[in-house]
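Student: the following comprises the amino acid sequence and a computationally predicted model.
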Amino acid sequence: MKTFILYLFLLISFVSSFSAPVWAHPNDVPDPGFVFTSDFGPRNVTPWHPAIDYGAGAGVAAPLLEDGTVTGLSRPNVGSIIILTIQGVHTFRYLHMFNDTVLPIFSGSFILAQVSGGNLAIVSRTPGFLDRANYIISPTAGQTVTINSDLLGIPGPTVPTVLRNAAGAGNAISTNQLNTVNHPAVGAAGTSGGYPAHLHVDLGFNVSENPLYHIADRNSAYVVKMLDTGNTARLGDYFVGPNDSNSMFIKLNVDSKVGGDLESVRIYVDSVDAGHLVREFTYGGTTPAHDPLNADTTGPDLSNGATNGVQPISYGLENFVYNDWNTTPPLAVRPSQLAEGKHDWIFVLRDIRGHIPFTGGIDPMFKFTIDKTPPSTSIGVKKTL
Amino acid sequence: MNRVKFTTFTFLISALLMVIGPVMTAAQAPDQSSVQKEISGPHIRLNGLFGGDISVEFLDSAGNVKKKIDSYAQYYKEDKKQKFKALEILVPSYRQVRQGFHPNYALVTESDRMYPGTLRDIHNTITLYDQSGNALFQKTNLECYPVALSANSGISACLTMPVEGEDRVFTETELGALKDKVLVFSKHGEVVREIKEPINQVQNVKISPSGNWLAYVKQLQGLSNQVVLINLNTGKKVALPVTDDRTVMYYEEVLDNGDLRGYVEIPQKESSGRWGSVPQPKILYRMGP
């Protein structure tokens, strides 16, 4: 009877483990820790950067972000961007590793070479040994890498040398199944493709989704400023008149360098609800689709600083521009309809994980005063002798 | 009790197979030295296959080098634009060349293209050489890159790739218009077939030795892939089922009967005490009758 009860308990526990809700956090990949040099979002020249760039110097080990299968390691030809694709829970691509010369390419503690079948392979070398590999990453598993001995630094006559495994007990064999414990790094950051050394991480070719949605979050500390038509920061409690287009010009300068994970900007007057929304911009970084709102610089949303849209400036720095405050938003928030007197801008920005990205966790506010007084007529004074 | 005996028996048989299996396979593997063959007539010799710049040499009957072409890769700047030049050499099978076979043809690509941003202004010149170093055809101003060459017929495949990579997202309309395009050239440079597939899908293009079959892989979403074979004589298309299994897609050769062949590396300690490996050919797909 006791055995029966024990089995029943185990059975219930087993079934419960499946029926209990499983909470999968989307941001489940460790942060590789490098500084950001380019964030997800619009660009002036190349219209959209669907990726995060990490500022890793040439030769620096690029960490494997997530366990998975190597589905691609390509360099269409000498000089192209080297692209490693690993399919796990997500598909992460690592671009620009190594440089552009002919194979084999030595960088840091890695070699880009070919496995016996001809596919590319990334060799993680064993410290202290010239001809040993901790592991070999390649789309094709079970193959060896052969490199001339002189290139490996082995003295004596030059002979093709098959890389041995870390223990020296046999050939090192390529693998296409990676895990972060046994394969902590995927290669060396580099310059392939003709750029300064960095590591570009995205979620696949033609996938416009912010990789930071799946990489552990960093604390964000954004700064916003309202600029006037002359790019001068407005002072608080500035005057807005419905007959003065300069005063109704909206230009929000957003500095998101700390965090680098801007996802949306919404500008409200007095209250955060749909009836008080003046303008919104989103980057569409949380969805598989490429669906930025009023920020898609592949379309008409690239601002020159005066026209509606986003004006990219540099990493983590953009201007969000809007000229139609008095014609398009809900009537209640147009300057011509607002009551005379003091009002508040409320800037609701969110990072890729939906957090308020400001120190203190409060949406910033900024005062302005509606003044409907018609402009005074200038009085000409006749010049007299 | 019987079940225990059966399990033990199965385990013992499995263990025995695990021990003798590799020995049998190694014994069946071709002797590496037997594939090395000396060529008395004009032939092609490739250098630098295990590192360094690859060069192709065309030798006459006496073994003298008649012509030599060196690969290279270099950046340069022109009108403040970053440009790139490269010369690349393609042979039917690097594995076979490494094992000592001398290829009948070599396809040489001189590439001139511009960076950074998206890859653009691609001007490739491809030249097919025979064993004697004679140019059988040359084509200039191509945007495609040679990806396959048949061993005995000189038929080649040239892939036009999408504008891949950095800082570029296409709209759906643009995506629909962009295709991977494979041009198949005869030995004399005529386009004998044109294959189009959705953008960024075509991989691992191979042509059988006599040019009967062309094989390629369509890399689909995630791990999914589909191997496609096309009979270059009849146009018959054989599309294998879409699968997440990645075994077949890494074939190294397509044979003249349409079979796909890969290799399994059998580690083997050589008499010198160093470790080597013996590649064991393995049919991954049979075309059937």
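Tutor: Cool, got the structure.

Student: quick one, strands of the stretch 1-150 of chain B?
Tutor: In the stretch 1-150 of chain B, the strands defined using DSSP state E, counting those that start in this stretch lie at B:43-47, B:55-59, B:65-70, B:72-78, B:81-90, B:106-115, B:120-129, B:135-142, B:145-149.

Student: do you know which of those lies nearest chain A?
Tutor: strand B:106-115 (3.5 Å; Cβ to the nearest Cβ). C-betas here are computed from N, CA, C, even on glycine.

Student: which neighbouring elements make contact with the closest one?
Tutor: Judged by 3 or more Cβ pairs under 8 Å, 6 or more residues apart in numbering or on different chains; DSSP states H and E, the packing partners of strand B:106-115 are strand B:81-90, strand B:120-129, strand B:145-149.

Student: looking at the stretch 51-200 of chain A, which residue is nearest chain B?
Tutor: Closest point on the stretch 51-200 of chain A to chain B, by Cβ to the nearest Cβ, is residue A:194, at 3.5 Å.

Student: where does that residue land in three-state SS?
Tutor: The three-state assignment at residue A:194 reads coil, by DSSP: H, G, I helix; E, B strand; the rest coil.

Student: quick one, which of the helices and strands packed on strand B:106-115 is nearest to residue A:354?
Tutor: Set against residue A:354 and scored by Cβ to Cβ, the helices and strands packed on strand B:106-115 come closest in strand B:120-129, at 38.1 Å.

Student: hmm, that closest one touching chain A?
Tutor: No - counting by Cβ under 8 Å from any Cβ of the partner chain, chain A has no neighbours in strand B:120-129; the shortest distance is 8.9 Å.

Student: in its sheet, what does that strand sit against?
Tutor: The partner list of strand B:120-129 in its sheet, established with DSSP bridges, is strand B:106-115 (antiparallel), strand B:135-142 (antiparallel).

Student: list of residues touching the last one?
Tutor: Contacts to strand B:135-142, defined as Cβ atoms under 8 Å, 6 or more residues apart in numbering or on different chains, come from residues B:105, B:122-130, B:154, B:158, B:185, B:187-189.

Student: try 7 Å this time
Tutor: With contacts defined as Cβ atoms under 7 Å, 6 or more residues apart in numbering or on different chains, strand B:135-142 is touched by B:123-130, B:154, B:158, B:187-189.

Student: in the stretch 151-289 of chain B, which spans are strands?
Tutor: Under DSSP E, counting those that start in this stretch, the stretch 151-289 of chain B gives strands at B:156-160, B:179-185, B:191-198, B:202-207, B:213-219, B:225-231, B:237-239, B:253-254, B:260-269, B:275-285.

Student: hey, which of the strands paired with strand B:120-129 is tucked in deepest?
Tutor: Comparing the strands paired with strand B:120-129 by mean neighbour count (mean count of other Cβ atoms under 10 Å in any protein chain shown), strand B:106-115 comes out on top with a mean of 20.

Student: can you check what angle separates that one from strand B:43-47?
Tutor: 40 degrees (axes from the mean of the first three to the mean of the last three Cα atoms, to 10 degrees).

Student: brilliant, that's me finished.
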